[in-house]
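Peer 1: Could you look at this predicted model? Sequence included:
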Protein chains: 2
Amino acid sequence: MTDPLTRRHFLHAASAGAASVWIPRSVHGYSAGEVARSISERQHRAGISKWDLDTPCLVVDLDALERNIAQMQATMTRNGIASRPHAKTHKTPAIARMQLATGSVGICTAKVSEAEVMFEHGIDQILLTTVNVTAPKIRRAMALRNQCDGFVQSVDTSENARDLSAAAAEAGVTADVVVDLDPGGHRTGITPGAPALELAQLVDSLSGLTLCGVLCYDGGAQHVTGFAARKSRALERLEAAAETKVQMDRSGLDTRIFSGGGTGTYNIDHGTPGLTDVQVGSYVFMDAQYLGIGGERDEEVYSDFEPALTVLTTVLNAQYEGRATTDAGAKANTINRPWPIVKGETGMSYTSGSDEFGSIRYEDNASRIYRVGDKLEVIVSHCDPVVNLYDQMYGVRGDTVEAIWPIAGRGHSI
Amino acid sequence: MTDPLTRRHFLHAASAGAASVWIPRSVHGYSAGEVARSISERQHRAGISKWDLDTPCLVVDLDALERNIAQMQATMTRNGIASRPHAKTHKTPAIARMQLATGSVGICTAKVSEAEVMFEHGIDQILLTTVNVTAPKIRRAMALRNQCDGFVQSVDTSENARDLSAAAAEAGVTADVVVDLDPGGHRTGITPGAPALELAQLVDSLSGLTLCGVLCYDGGAQHVTGFAARKSRALERLEAAAETKVQMDRSGLDTRIFSGGGTGTYNIDHGTPGLTDVQVGSYVFMDAQYLGIGGERDEEVYSDFEPALTVLTTVLNAQYEGRATTDAGAKANTINRPWPIVKGETGMSYTSGSDEFGSIRYEDNASRIYRVGDKLEVIVSHCDPVVNLYDQMYGVRGDTVEAIWPIAGRGHSI
């Protein structure tokens, strides 16, 4: 292939009904292997236009990503608090490294397998926010701790604390542990106050464990619409945890970590006394869900961070009035709500309720009407589960592909 | 590890508060590598109990799977029609081979990358039901056709037919093509009748293409609740396609393939005159969505096929009244509705609305209350997108893991 087809050439050929560009340059037929290699090289080469990527694929705007990271760090610095970004959002070592390089004190992971893969890629300050209760996971965590001094685990029952201590002894390590506190949602963690204090004292007493403090994550607070409502909810739900932290301090227990909060409350969480770091995640990418919650300055749109993550998709069918069908359905977008937003266009909606197909509906004032083969970008609905569908993301600067990042933690749900 | 912990041992130890099982048998400490290898070997070895698998993981009951495939084939034979199962559901070559071995005439795929991976795994009768409109996809399809005589592509516009013909010439092949007919949903396909006939004649006339017939898939009919309503909808929506097929026959066009229908209408579709094969997919696994549509014999439950696919999950938190938290949330289950169903239990609901956590709520008559570390299985909500989250599925016979199947098409959305 001396003259690979670009999108423009192809669209031109298609619209003109001319087939000449398809005629082979030489008389010999290319082997399937040659064609496949050529496609593969073209697909994976940095420097090409994002519009030449085949679809559906995941694209991150590097300028927006960098601005989001800088904006977060500036706010953290101003508020005298640290960020400990949650890697469950991006699952991408390259982004974790950017976060650490700009001042984050470490990363969080939701699963031990995520922690392992981040450590394999050179990240060595990792807080695993989910408790491990199966023997294989506990052993994997201790094996990781054996190699990674900055790996901290969570615990929320005394039985689990004893298991962790015994497993640490088996592995020949002393494991760093934080107590997970329930902010009131009763999803994970132990009740703050006396139960938590008792567990912290047990952890402190067990020979295999080193107590490092507490974490308290109120997921429900993150998406409360309206800044004022979100602020009261977030501060109120962490009051008991803050009080527990004070009690631990008075008892002489180690509370070097008091981690909580997230993207929705990043400029609120420093109001919780003693909180050391914020587990921000979605701010790097943003998504339609977060755009809708409103911010401190802008009640309508949460504009503190820029939408940086899109799915690039191609129109497959445009022959019916008022609509078009694309190649990015639920398997490329999830079915989270609100639905993805078509980037840069107005007067159209996008739904990804079908497994294989996206659907565009035009309103009367649609800014454009698509033809078959046209490509478009949609701002993802909820970034975390969308990222988990892809093996790689394309980092673009303007329209040019600058980086191809493996999503090394994709599918690491164990 | 001479005495790897089984779940039973571990649960016993945890509930007794005894840490002795964790004490190493020898004085030397195991290296992280030894522990990791031991865990990995234990995880991936056929012959272990499914209850020893770490979670979340995807499990298929092989007896139920085999009965579902046999039941489908028996019905097809009785009705004098063939099945051409859709591999978008299972994305698993091992299951495609089982389907072909029991009488299916081929498989369908939704994406060219799925078709490629199925061919790489020895499947050579493949109908790609989605049109290819980008140059890379068209070239990949022609490269596949060059190697696979049984590969058939779809087309729904004259422009695309011309592109396919030119690309076939470039690749030195003649491509087998079916015309995709719109059943009225306007999602994909061309309008039956004159527009379709004209396109079929064009395909027939193009030197790079061989016309093989038509396909017409009415996805919306599959999940219509109630057998009678589903039957009228399915037959009515395929009437125009059947009429087009007759017109094509009269015009001397090749209609060796007239493919359509699915799991919800598998015992209805032979009523469409001329239909050659049914694109059944979900019947191999079943799911909560299909269970709810009702069947011909059973109005309440669609019991023609057995639920064979489950997600195995572990309880992480059981310290709050009336509920428990598991390790299988949206990233392990999707957020499709109805929610997953806890297998073998009553009086409890399961939701997977959180990305990382599943939530069990007990009713007054709950058949059991879980403890931390307990494992349970949930029947998946919608099998296709759930399968797409996993790299492998564990095939179990009774409680024993008999096979570990790579989901080779996982993430193949291009």
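Peer 2: The structure has been received and is ready for your questions.
Peer 1: drop to CA atoms for contacts and neighbour counts, all remaining ones
Peer 2: Fine.
Peer 1: Tell me the spacing between A:Ser232 and A:Gly271.
Peer 2: From A:Ser232 across to A:Gly271, the span is 10 Å (C-alpha to C-alpha, to the nearest Å).
Peer 1: Show residues contacting stretch A:330-338.
Peer 2: Residues from elsewhere that reach stretch A:330-338 (C-alpha atoms under 8 Å, 6 or more residues apart in numbering or on different chains): A:56-57, A:288-289, A:311, A:340, A:352-358, A:380-382, A:385-386, A:389, B:334-336, B:385, B:388, B:411, B:413.
Peer 1: okay, how far is it across that stretch, tip to tip?
Peer 2: So stretch A:330-338: terminal residues 13 Å apart, C-alpha to C-alpha.
Peer 1: now stretch A:317-337
Peer 2: 24 Å.
Peer 1: I'd like the next helix or strand past the strand or helix carrying A:Phe119.
Peer 2: For A:Phe119, the host element (DSSP states H and E) is helix A:112-120. Sequence order places strand A:125-128 as the next helix or strand after helix A:112-120, per DSSP H and E.
Peer 1: Just the CA trace of that next one, in PDB.
Peer 2: Extracted C-alpha coordinates of strand A:125-128, given in PDB (Å, rounded to 0.1, in the frame of the first residue of the first chain):
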ATOM      1  CA  GLN A 125       2.400   4.900  46.100                       C
ATOM      2  CA  ILE A 126      -0.900   3.000  46.000                       C
ATOM      3  CA  LEU A 127      -3.900   3.000  48.400                       C
ATOM      4  CA  LEU A 128      -6.300   0.100  47.800                       C
END
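Peer 1: Tell me which strands that strand pairs with, and in which orientation.
Peer 2: For strand A:125-128, the pairing partners within the sheet under DSSP bridges are strand A:107-109 (parallel), strand A:150-155 (parallel).
Peer 1: what separates A:Ala143 from A:Ala167, distance-wise?
Peer 2: In this view, A:Ala143 and A:Ala167 are 10 Å apart by C-alpha to C-alpha.
Peer 1: Likewise for A:Phe357?
Peer 2: 48 Å.
Peer 1: and these two? which has more neighbours close in?
Peer 2: Neighbour count, other C-alpha atoms under 10 Å in any protein chain shown: between A:Phe357 and A:Ala167, A:Ala167 has more, with 29 against 25.
Peer 1: and the stretch 201-350 of chain A, which of its residues are near chain B?
Peer 2: A:314, A:316-317, A:319-320, A:324-325, A:330-332, A:334-336 (C-alpha under 8 Å from any C-alpha of the partner chain).
Peer 1: out of those residues, which are inside strands?
Peer 2: Judged by DSSP state E, strands contain the following of these: A:Thr314, A:Leu316, A:Asn317, A:Ala324, A:Thr325.
Peer 1: what's the domain layout of chain A?
Peer 2: A:64-291, A:307-406 (automatic domain parsing).
Peer 1: Including distance to B:Thr225 and mean pLDDT, could these go into a markdown table?
Peer 2: Below are the domains of chain A laid out as a markdown table (distance: least, C-alpha to C-alpha, whole Å; pLDDT from 0 to 100):
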| stretch | distance to B:Thr225 | mean pLDDT |
| --- | --- | --- |
| domain A:64-291 | 32 | 98 |
| domain A:307-406 | 18 | 98 |
